[in-house]
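In: I would like the atomic coordinates for the input below:
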Amino acid sequence: PLPLFETTNPQFNFNPSLDFVPAGAEQMISRNTGSLIEPATFDNYSMFTAVVKDVASSQRIFSHLNRGSANGYSMEVNGGGRANAILEYESGVNIPVNQTSLLGVTYDGTAPNRRGYHNGKMTVDAAVGASVVNDMVAESAELGASNGHGNFGGHMAEVIVYNRQVAAFEAQRIQSYLALKYGVTLDQTTPNNYVASNWNGTTGTIYWDATANAGYNNNIAGIGRDDSTSLLQKQSRSVNPGDANMVAIGFTELAATNTENSGIFDDDLSFMVWGDNGLFGLQITEYPSELDVNGCSRVTRLQREWKIQETGNVGFVQMQLYLAGLVPNSTTISDLKLLIDDDGDFGNGGTTVVEPSAYDAATQTATFNNLNFTDGEYFTLVTDVTNEAPGGITTNLYTWLRADKGVLTATGVREWLDQSPMGLS
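Out: Predicted coordinates for the structure are as follows:
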C-alpha cells in the first residue's frame with residue numbers, strides 16, 4: 001500500500017505531508033535510479049529530512065540500495081549513513097516520538113568529516129573508520145522502508161539528497177529553510193542563526209540573529225519569501241507542543257493552509273520572525289500607565305514576551321493568540337489588549353496598546369488584524385484590566401474573589417484569580 005497525502009498537518013506548520021503506517025508496510029520504491037554514491041568513489045553524500053515519527057522503534061525513512069548490503073545508504077529515525085556505519089543525528093539521543101524533527105547526515109569520505117544534524121545541532125563523528133569504495137551497481141531507492149524492512153511509521157514532509165557533502169554554511173542554509181517552513185526551532189544550545197539562500201558563511205541575509213536576540217530564542221517561527229530556495233511561507237505557528245505555540249501570524253491573514261493564504265510578498269528575501277522569552281504564567285507589573293485609569297487598577301498580563309526581527313518590508317499581518325487554559329472562562333474581548341513596545345520594557349513608555357479585532361470565547365482565541373510590526377519590536381498580551389471595587393471602595397482593598405470573574409478550570413477549578421489590586425490567587 002501507498003502512504004496517504006495530508007493536505008495540511010499541524011505538525012508541519014500549515015504545510016502538507018505524507019502519512020506512512022508501519023502496520024501497512026507503506027513505502028514508495030524507485031527502481032534503477034542510478035547511484036546515490038557514484039561507482040568507484042568513496043562515500044560522499046548529504047541527506048536531510050523533515051519528519052514526525054509515530055512509534056519508538058528503529059525504522060528507515062529513506063534508503064538507497066546497492067547490490068551489496070555494505071554499500072546501502074539510509075536515513076533511519078535515529079541516525080543515517082552507510083549500512084553498518086550509521087551515525088546518530090545527535091550523539092546519545094533518540095529522536096522523540098510525535099515531534100517534528102529536522103534530521104541530516106553529511107560525509108565527504110574523510111574520517112573526521114562525517115556530521116549528523118538534529119534540528120540544526122551538529123554532531124561531528126571524528127571516530128568513523130576508513131570509507132568504503134562503492135563498487136556495487138545501483139538497485140533502488142525507497143521511501144518509508146528499506147527492502148521491506150524497518151517500515152517507517154509517521155509523517156514525512158521533505159527529503160533532500162545530494163551526492164556530495166554540502167559545506168557547513170550550506171547545511172545551515174538548508175536547515176534554516178526547513179526550520180522556517182515547518183515551524184521548528186533550531187537548537188540554541190549555542191546561538192544558531194537562521195540564514196537565507198544568499199548566505200556564504202560570512203555575508204548574506206541573517207533573518208534571525210540568535211546572538212542579537214538572546215533571551216528570545218524560544219519557540220522561533222516566522223514567515224518569509226526566498227525565491228532561490230522556493231520558500232514562500234505566508235503564515236506560521238511554532239510546532240513546539242503545549243503553550244509554546246500560542247502565537248500564529250499570517251501575511252495579511254491566517255488561512256486553513258499555507259497555500260490558501262492569499263497574501264503576496266512584494267520582495268524576495270523578505271522575512272518576519274519571532275521568538276519568545278520562554279516564561280509561563282501571569283504578572284501584574286510592567287504595563288502602560290494609561291491602563292491604570294484610577295491609580296489602583298489591577299492589570300494582568302502574560303509573563304511571556306516576544307521579539308520581532310523583520311528583514312525587508314513584510315507589511316500588514318494578522319495575529320492569533322491561543323489562550324486556552326491561560327485566561328479565565330469569564331474573559332471577554334474587552335479584557336484583552338496587545339502591547340507592542342520599542343525596547344522590551346512595557347512600563348517605561350514607547351508602548352502601543354491594540355484592541356483585539358475578535359475573540360472566540362469557546363476556543364479562547366484572540367485575533368488582531370492589520371498589525372504592522374517594525375524590526376526589533378516586542379509584544380505581549382494583557383489578559384485582564386479591573387478598575388472596579390466592591391461598592392466602589394478601593395481603599396486598602398486586599399482580596400476580592402468573584403465566581404463570575406477570574407476562574408480557571410480544568411477537571412475542577414484550577415485557579416481563582418484575585419480581582420483586587422494585590423492580584424493574589
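
In: next, the buried residues of stretch 55-68.
Out: Buried positions in stretch 55-68, judged by neighbour count with 16 or more other C-beta atoms under 10 Å: Q59, R60, I61, F62, S63, H64, L65, N66. Every C-beta, even on glycine, is put in place using the N, C-alpha and C of the backbone.

In: pull the most distant pair out of those residues.
Out: With C-beta to C-beta as the measure, no two of the buried residues of stretch 55-68 lie farther apart than Q59 and N66, at 20.4 Å.

In: for the stretch 51-200 of the chain, which segments count as helices?
Out: 168-182 (DSSP state H, counting those that start in this stretch).

In: low-confidence regions, it specifically.
Out: 66-71, 111, 126-139, 146-149 (pLDDT under 70).

In: all strands of it, in order?
Out: 60-66, 73-76, 79-82, 87-88, 100-107, 114-118, 121-125, 138-143, 154-162, 194-195 (DSSP state E, counting those that start in this stretch).

In: and if you look at the stretch 301-425 of the chain?
Out: 306-311, 317-322, 337-341, 351-354, 358-360, 365-371, 378-386, 407-409, 413-416.

In: distance of T331 from G201?
Out: Using C-beta to C-beta, to the nearest Å, T331 is found at 48 Å from G201.

In: looking only at neighbour counts, state which of those two leads.
Out: Taking other C-beta atoms under 10 Å, T331 and G201 do not tie; T331 has more neighbours (20 against 12).

In: may I have stretch 309-319 as PDB, with CA atoms only?
Out: Extracted in PDB, the C-alpha atoms of stretch 309-319 (Å, rounded to 0.1, in the frame of the first residue of the first chain):
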ATOM      1  CA  GLN A 309      13.100  40.600  13.700                       C
ATOM      2  CA  GLU A 310      11.900  41.900  10.300                       C
ATOM      3  CA  THR A 311      14.100  41.800   7.100                       C
ATOM      4  CA  GLY A 312      12.800  43.900   4.200                       C
ATOM      5  CA  ASN A 313       9.300  45.200   4.300                       C
ATOM      6  CA  VAL A 314       6.700  42.500   5.100                       C
ATOM      7  CA  GLY A 315       3.800  44.800   5.700                       C
ATOM      8  CA  PHE A 316       0.500  44.100   7.400                       C
ATOM      9  CA  VAL A 317      -0.100  40.800   9.200                       C
ATOM     10  CA  GLN A 318      -2.900  39.100  11.200                       C
ATOM     11  CA  MET A 319      -2.100  37.500  14.600                       C
END
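
In: can you pull the buried residues of it?
Out: Neighbour-count burial for stretch 309-319 [16+ other C-beta under 10 Å]: Q309, E310, T311, G312, V314, G315, V317, Q318, M319.

In: which residues are in contact with the third one?
Out: So that's T311. T205, Y207, G224, L269, S270, F271, M272, D375 (C-beta atoms under 8 Å, 6 or more residues apart in numbering).

In: got the phi and psi for the third one?
Out: This points to G224. phi 180, psi 170 (degrees, to the nearest 10).

In: try the first one
Out: With angles defined as degrees, to the nearest 10, T205 sits at phi -90, psi 120.

In: I'd say it and N193 touch.
Out: No - T205 is not in contact with N193 according to C-beta atoms under 8 Å; the separation is 10.0 Å.

In: any weak-confidence spans in the stretch 301-425 of the chain?
Out: 387-388, 421-425.

In: what kind of secondary structure is S228 in?
Out: helix (DSSP: H, G, I helix; E, B strand; the rest coil).

In: wait, it touches W199, no?
Out: No - using C-beta under 8 Å, S228 is not in contact with W199, being 10.7 Å away.
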